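*Asks:* predicted model follows, preceded by the sequence.
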Amino acid sequence: MKITGLRTEQVEIPLATPIRTSIHYLDAIGCVLVYIDTDDGRTGEGLVWSMGTRRLATLEAMIQSLAVKIVGRDPHEHAGLWAEMWRDLNFFGAKGITLFAIGAIDMALWDLVGKAHDLSVCRLLGQCRDRVRAYHSGGLWVSLSVDELQAEAKEFVAQGYRAMKMRLGKPSIGEDIERVAAVRAAIGPDIDLMADANQGFSVNHAIRLGRQLEAYNLVWFEEPVQAHDLEGSARVAAAIDTPIASGETEYARYGFRDMLERGSADVLMPDLERVGGITEFVKVAHMAEAFDIPVSPHVYSEQSLQLCGALNNINYSEWMPWFAVLYNEAVELEKGDLLIPDRPGLGFTFNPDAVARLRVK
């Protein structure tokens, strides 16, 4: 089984309603889809995404630059290929789009190996569960009114979700507290609630807000300060009782090692494209487990389910509905849990008609 080619294409997924967080404005999701073909007719699939499409060409070029490292090789050598790609991109640094490129290719390689053996990636890694608690992350944005927040939160409960995440980032602490209180009142005490500041606060603001949030029994307070400010995040974590979650904008095992050593988060949130794919995600999760730190994957809801089924210290899976339109298969929700698909590879395949419809012209 040899790799014969690497193909990519760009797609744009428009959002029905633009999204605002404390620091972002988003009206469309851009993706580079990755296909790795083999001489026995199999294809492995992966992707990277971006806010909008303006930088997709840069991501695509970085991915294509690695074709020479994998064509002619056996995808079963994915660990060695990861290390070779890492060394090859050393000149450009160990963070940023270099990891995006490695991550996309690594996803597709694992997908290929699973398909070659008719096994899910979860079973290749060693399965520990067949479901994981989901939290709905596709709503409760800063731009919504209090009434809209309550209505949407109730709708998520009606859909069967037992956990959800809202965003913070209003100018005053009082406004954010009012909004959290309103959502908690709408869903009651038994639904898990997370809050995400999207890196929008100073350390002092985050501590003052975090102390007041403790009354609402949050599962975690996510990215209260800038992601690069590990010391500041550690100060917030030490000052409040609510767990701090962070890591979606961190890169590779070395970045997460720094987070663990500094105590900057109580929950790590690796993102498959930034951490460097499945190979590196597994290393980060095992490292966190040695510190008794839980892990929750960021955004890659479909692909991350295989990791959720294989890694003991994953506590929640984020359900972000943005990418669902790309796939032939749909996630399954049962009693608030996402079921781990027992299908070959990553368990989700790109729908050609959807890709053609969304292709960037």
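*Replies:* Sure, I can see it.

*Asks:* mind listing what's buried along the strand or helix carrying Gly103?
*Replies:* Element membership for Gly103 (DSSP states H and E) is helix 97-117. Within helix 97-117, the residues scored as buried using 16 or more other C-beta atoms under 10 Å are 97-116. In short, each C-beta sits where N, CA and C put it, glycine included.

*Asks:* next structured bit after that helix?
*Replies:* Tracing the chain past helix 97-117, the next element assigned as helix or strand by DSSP H and E is helix 121-125.

*Asks:* tell me the mean pLDDT over that following helix?
*Replies:* Confidence over helix 121-125, taken as the mean pLDDT, stands at 98.

*Asks:* again, but for stretch 200-214
*Replies:* For stretch 200-214, the per-residue pLDDT averages 98.

*Asks:* residues in contact with Leu125?
*Replies:* Val282, Gln306, Leu307, Ala310, Leu311 (C-beta atoms under 8 Å, 6 or more residues apart in numbering).

*Asks:* which ones among those are found in strands?
*Replies:* With strands taken from DSSP state E, there is no overlap with the contacts of Leu125.

*Asks:* now for the residues you listed: which two are most distant?
*Replies:* Spatial extent of the contacts of Leu125 (C-beta to C-beta) is set by the pair Val282 and Gln306 at 10.5 Å.

*Asks:* neighbour count winner among the two?
*Replies:* Regarding Val282 and Gln306, a neighbour count based on other C-beta atoms under 10 Å identifies Gln306 as having more, with 29 against 18.

*Asks:* just to check, that one is in contact with Arg343?
*Replies:* No. Counting by C-beta atoms under 8 Å, Gln306 stays clear of Arg343, with 9.6 Å between them.

*Asks:* what's the overlap in contacts for the two?
*Replies:* Common neighbours of Gln306 and Arg343 (criterion: C-beta under 8 Å, 6+ apart): Ser120.

*Asks:* and the helix holding Gly103, what does it pack onto?
*Replies:* If contacts are counted by 3 or more C-beta pairs under 8 Å, 6 or more residues apart in numbering; DSSP states H and E, helix 97-117 sits against strand 25-38, strand 43-51, helix 56-64, helix 78-88, helix 121-125, helix 272-275, helix 278-290.

*Asks:* so which of the ones you listed gets nearest Ala227?
*Replies:* Nearest to Ala227 among the helices and strands packed on helix 97-117 is helix 272-275 (10.1 Å), distances taken as C-beta to C-beta.

*Asks:* the closest one: how far from the chain's middle?
*Replies:* On the basis of C-alpha atoms, centre = their mean, to the nearest Å, helix 272-275 sits 8 Å off its chain's mean C-alpha point.

*Asks:* packing partners of it?
*Replies:* Contact analysis of helix 272-275 by 3+ C-beta pairs under 8 Å, 6+ apart lists helix 97-117, helix 278-290 as its packing neighbours.

*Asks:* quick one, what contacts the closest residue in space to Leu230 that isn't next to it in sequence?
*Replies:* On the basis of C-beta to C-beta, 6 or more residues apart in numbering, the spatially nearest residue to Leu230 that is not a chain neighbour turns out to be Ser264, at 4.2 Å. With contacts defined as C-beta under 8 Å, 6+ apart, the neighbours of Ser264 are Leu230, Glu231, Ser233, Ala234, Ala237, Ile244, Ser246, Asp258.

*Asks:* would you check that the second one makes contact with Arg262?
*Replies:* Translated: Glu231. Yes. With contact defined as C-beta under 8 Å, Glu231 reaches Arg262; the gap is 6.5 Å.

*Asks:* show the contacting residues for the residue nearest to Ile63 when sequence neighbours are not counted.
*Replies:* Of all residues beyond its chain neighbours, the one nearest Ile63 is Ala101 (4.5 Å), with distances taken as C-beta to C-beta, 6+ apart. Taking C-beta under 8 Å, 6+ apart, we find Ala101 in contact with Val48, Leu59, Met62, Ile63, Ser65, Leu66, Met85, Leu89.

*Asks:* okay, now the first one: neighbour count?
*Replies:* This means Val48. By other C-beta under 10 Å, 27 other residues sit near Val48.

*Asks:* for it, which residues make a bridge with it?
*Replies:* When bridges are called by DSSP bridges, Val48 pairs up with Val32.

*Asks:* let's test this: mean pLDDT of stretch 343-354, rounded?
*Replies:* 98.

*Asks:* what sits up against that stretch?
*Replies:* Residues from elsewhere that reach stretch 343-354, judged by C-beta under 8 Å, 6+ apart: 33, 44-45, 107, 110-115, 117-121, 302-303, 305-306, 325-329, 341.

*Asks:* hey, C-alpha coordinates of it in CSV?
*Replies:* Coordinates of the C-alpha atoms in stretch 343-354 are reproduced here as CSV (Å, rounded to 0.1, in the frame of the first residue of the first chain):
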residue,chain,number,x,y,z
ARG,A,343,-16.9,2.9,10.9
PRO,A,344,-13.6,2.5,9.1
GLY,A,345,-11.1,5.3,9.7
LEU,A,346,-12.4,8.6,11.1
GLY,A,347,-15.9,7.5,10.4
PHE,A,348,-16.9,10.5,8.3
THR,A,349,-16.5,11.0,4.5
PHE,A,350,-16.8,14.1,2.4
ASN,A,351,-20.0,14.4,0.4
PRO,A,352,-18.9,15.2,-3.3
ASP,A,353,-22.1,17.1,-4.0
ALA,A,354,-21.8,19.3,-0.9
